[in-house]
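> Okay, here's the prediction I keep looking at, along with the sequence it came from:
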Amino acid sequence: MDESVIFDRYFNLSLRFISYRPRSKKEVFNYLKEKSKKAPHLDEKVIAKIMQRLVDLKFIDDLEFAKFWIRSRKKGFKILKFELIQKGISKEIIEKAVSEFDLKAKEDDLIEKLIEKKKKSLSKYPKQKAYEKLFSFLLRKGFDYDAIRKSLKEK
C-alpha cells in the first residue's frame, strides 16, 4: 500500500479521534499504536509523520490540553495532577498550566457546590455520620484535607 494513502487514512482517523475532545500527545500516540497492531502497514515512521503534522497544525498541544483538563474537570488539584500525568503531560507543563488559574478559588467554589449538592442525599443520616460521609466524599474527589475542613466548618 502507498505510504501517502496510509498517512492520509490514519491522519484522518486521528483527526476524528481528536474531534471528540482535546487530546494529549500520548493519547494520540497510543491510539495510533493500537491501530498499528491491526494494520501492519502503519509503522513507526508513518506514526511519527502523523504526530508531527498534528503538532505543526496545532491540533495537539499538551499545554492547551492541560488548561482544558483543569478548566473542565470538577475535581481537586491532586487528582487533576494525577490524571494529567497519566495522560503523558510533564510536570513542567502542568505547573505552567496551573499558573494561569486561581486553583484555590476554583477548589473552594467547587467544594461549596459539591457540599450543597451532596447535603440533600445525606440529610437522612445523623449529623456526625453525614459529616464523615461528606468529608470522605470530598477527599475522594481529590480536595485538600485542610480546605475540606475549612469549608465544612463554615457550614
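Received, thanks.
> So which bits of stretch 100-119 are buried?
107, 110-111, 114-115 (16 or more other C-beta atoms under 10 Å). For every residue, glycine as well, the C-beta is placed using N, CA and C.
> So which residues make contact with stretch 75-85?
For stretch 75-85, the external contacting residues (C-beta atoms under 8 Å, 6 or more residues apart in numbering) are 66, 69-70, 73, 91, 94, 98, 103, 107, 110, 138, 141-144, 147.
> hey, C-alpha coordinates of it in CSV?
Extracted C-alpha coordinates of stretch 75-85, given in CSV (Å, rounded to 0.1, in the frame of the first residue of the first chain):
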residue,chain,number,x,y,z
LYS,A,75,-12.0,17.6,40.9
GLY,A,76,-9.3,18.7,43.3
PHE,A,77,-5.8,19.6,42.2
LYS,A,78,-4.3,16.3,43.5
ILE,A,79,-6.5,14.2,41.2
LEU,A,80,-6.2,16.6,38.3
LYS,A,81,-2.4,16.4,38.5
PHE,A,82,-2.5,12.6,38.7
GLU,A,83,-4.8,12.4,35.7
LEU,A,84,-2.6,14.8,33.7
ILE,A,85,0.5,12.7,34.5
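> ok, the residue most central in space within the chain to Lys45 distance?
The residue lying closest to the centre of the chain (C-alpha atoms, centre = their mean) is Trp69, at 4.2 Å. Between Trp69 and Lys45 the computed distance is 30 Å (C-beta to C-beta, to the nearest Å).
> Ok, Phe135 next?
Phe135 is 53 Å from Lys45, by C-beta to C-beta.
> Neighbour count: the two, which is higher?
Phe135 (16 against 10; other C-beta atoms under 10 Å).
> my guess is the more buried one meets Lys150, correct?
No. Look at Phe135 against Lys150 with C-beta atoms under 8 Å: they stay out of range, at 11.9 Å.
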